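Engineer: Test case, fold it:
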Amino acid sequence: MASAIQFDPIRLPPEAETLRLEVRAFLDEQISNGTFDPNTAPKTDGFSREFSRKLGAKGWIGMTWPKKYGGHERSFLERYVVTEELRAVAAPTRAHFTADRQSGPVLLKYAPEAIKLDVLPRITRGECCFCIGMSEPNTGSDLFAASARATKADGGWLLNGAKIWTTNAHHAEYMIGLFRTSPATTENRRHGLTQYLLDMKNTPGITINPIRFMNGMHDFNEVVFEDAFIPDDHVLGEIDSAWKQATIELAYERSGPERFLETLYTLVELVRALGDRPDTRGAEGIGRLVAQLHTMRRMSVSVNGMLQAGKEPMLEGSIVKELGTNWEQSLPARVRELAAFIDEEAGNRATLDELLQHAILIAPKLTLQGGTTEILRGIVARGLGLR
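Structural biologist: Now for the predicted structure:
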């Protein structure tokens, strides 16, 4: 059935803009103290448990969650501002970000109370890293084709199979994984999938194999399961019906500013390198890129406003992710074109060249993580009734 695609006209409230100033002051202090350097941070893995603990102490992880679980009951739009400011300076947030963005909300909705009381406060303190086990070898982002199996055993489940493109699995304390518990039916190929909370540090039968980028950095992984035992109380939600949970979860994963800001540092450095009097070509190029950036930001703010209102904007989130990751993937090449006539001897070009080299090498991954472009376009087409 076709669904209407609607981006509500959302504006950030005054309290969000007040919070923005607080976050900027905090980040300025951290940069001044040498906690991280915005000019070199993009070339690192962005993983710092120390920095995550500092954010946790400020109350900027689990911001929208109930206070009962360590949250702060603030709005999605306030959380949006924090994420935007952190991404703008390439702050090292990877230790907690997946847990904050999507894993925590899944636990809030589907986990047993004992797990909520144990795990969620650790996330809000910046002490707990999560990874997501959805994509698989040979099926990619087609979640409903998942073949990694969970078989019922005494007191729990045995997991067998593999997940791939699993960001930060080598660091994570936990994974929320999607496994097949029954065959799909002719009427519903989505049937038969179940979500589990996996203890990645203390579960025998889990092997993590790194997948390295062209520059040698390590972010993605293949995770292999061989009779890995998961207790019954780590089942999340309904047996065989996790497709509903997973698709809602993806609205959180695909709609934030991180989906178009990952290579923003190249545009920032281009502006600095061209200076306050760019030529006509440079000025026009920057103007176009900033206009595109602003449009995606308005769409992303809209989706987060709809999440705040209790809606489930899966289609709109998919559009933000598809547009955003393609834009940030192509941005380094466009910046390189606009920088072609900057004086090679100019001192203000060195940092730009270093960041461009890094961004171009990591750009291919951007349209893989969070769902491939082809899958996202299929979701949108289905929502429009075109397939």
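Engineer: could you list every residue that touches the residue lying closest to Trp243 once chain neighbours are set aside?
Structural biologist: In space, and not counting its chain neighbours, Trp243 is closest to Arg190: 3.9 Å by C-beta to C-beta, 6 or more residues apart in numbering. (Glycine included, C-beta is placed from N, CA and C.) By C-beta atoms under 8 Å, 6 or more residues apart in numbering, the contact set of Arg190 is Phe144, Ala184, Trp243.
Engineer: Now Arg190. Its backbone dihedrals?
Structural biologist: When read as degrees, to the nearest 10, the backbone of Arg190 gives phi -80, psi -20.
Engineer: Okay, it and Leu178: tell me how far apart.
Structural biologist: 11 Å (C-beta to C-beta, to the nearest Å).
Engineer: Next, format the contacts of Arg190 as JSON lines and append secondary structure, pLDDT and neighbour count.
Structural biologist: Listed next are the contacts of Arg190 as JSON lines, based on DSSP: H, G, I helix; E, B strand; the rest coil; pLDDT from 0 to 100; neighbours: other C-beta atoms under 10 Å:
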{"residue": "Phe144", "secondary structure": "helix", "pLDDT": "72", "neighbour count": "17"}
{"residue": "Ala184", "secondary structure": "coil", "pLDDT": "82", "neighbour count": "17"}
{"residue": "Trp243", "secondary structure": "helix", "pLDDT": "78", "neighbour count": "21"}
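Engineer: would you list every one of the strands in the stretch 101-250 of the chain?
Structural biologist: All strands of the stretch 101-250 of the chain, identified by DSSP state E, counting those that start in this stretch, fall at 130-133, 149-153, 156-163, 174-180, 193-199, 206-212, 218-231, 235-236.
Engineer: for the ones you listed, which one sits closest to Glu328?
Structural biologist: With C-beta to C-beta as the criterion, Glu328 lies closest to strand 218-231 of the strands of the stretch 101-250 of the chain, at 15.3 Å.
Engineer: starting at the chain centroid, how far to the closest one?
Structural biologist: Centroid separation for strand 218-231 versus its chain: 20 Å, with C-alpha atoms, centre = their mean, to the nearest Å.
Engineer: Just the angle for that strand relative to strand 206-212, thanks.
Structural biologist: On the basis of axes from the mean of the first three to the mean of the last three C-alpha atoms, to 10 degrees, strand 218-231 is oriented at 170 degrees to strand 206-212.
Engineer: Okay, buried residues for strand 218-231 please.
Structural biologist: Buried positions in strand 218-231, judged by neighbour count with 16 or more other C-beta atoms under 10 Å: Asp219, Phe220, Asn221, Glu222, Val223, Val224, Phe225, Ala228, Ile230.
Engineer: now swap in stretch 355-364 and tell me
Structural biologist: When neighbours are counted by 16+ other C-beta under 10 Å, the buried residues of stretch 355-364 are found to be Leu355, Leu356, His358, Ala359, Ile360, Leu361, Ile362, Ala363.
Engineer: could I get the residues you listed as JSON lines with distance to Arg288?
Structural biologist: Below are these laid out as JSON lines (distance: C-beta to C-beta, whole Å):
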{"residue": "Leu355", "distance to Arg288": "20"}
{"residue": "Leu356", "distance to Arg288": "18"}
{"residue": "His358", "distance to Arg288": "23"}
{"residue": "Ala359", "distance to Arg288": "18"}
{"residue": "Ile360", "distance to Arg288": "20"}
{"residue": "Leu361", "distance to Arg288": "24"}
{"residue": "Ile362", "distance to Arg288": "23"}
{"residue": "Ala363", "distance to Arg288": "19"}
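Engineer: Closest one of those residues to Gln102?
Structural biologist: In terms of C-beta to C-beta, no member of the buried residues of stretch 355-364 lies closer to Gln102 than Ile362, at 21.6 Å.
Engineer: and this structure, what are its domains?
Structural biologist: Per the record, the chain has its domains at 14-128, 132-241, 254-383, by automatic domain parsing.
Engineer: Single out whichever of the buried residues of strand 218-231 has the smallest pLDDT.
Structural biologist: Note: of these, the lowest pLDDT belongs to Asp219, at 83.
Engineer: what sits against it?
Structural biologist: Asp45, Thr167, Asn168, Phe213, Lys365.
Engineer: Next, format these as CSV and append neighbour count.
Structural biologist: Converted to CSV, the contacts of Asp219 look like this (neighbours: other C-beta atoms under 10 Å):
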residue, neighbour count
Asp45, 14
Thr167, 21
Asn168, 24
Phe213, 14
Lys365, 19
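Engineer: Need the residues that contact stretch 43-63.
Structural biologist: For stretch 43-63, with C-beta under 8 Å, 6+ apart as the criterion, the contacting residues are 23, 26, 30, 35-36, 69-72, 74, 78-79, 82, 86, 90-96, 99-100, 104, 120, 123-127, 129, 168, 171, 217-219, 354-355, 358.
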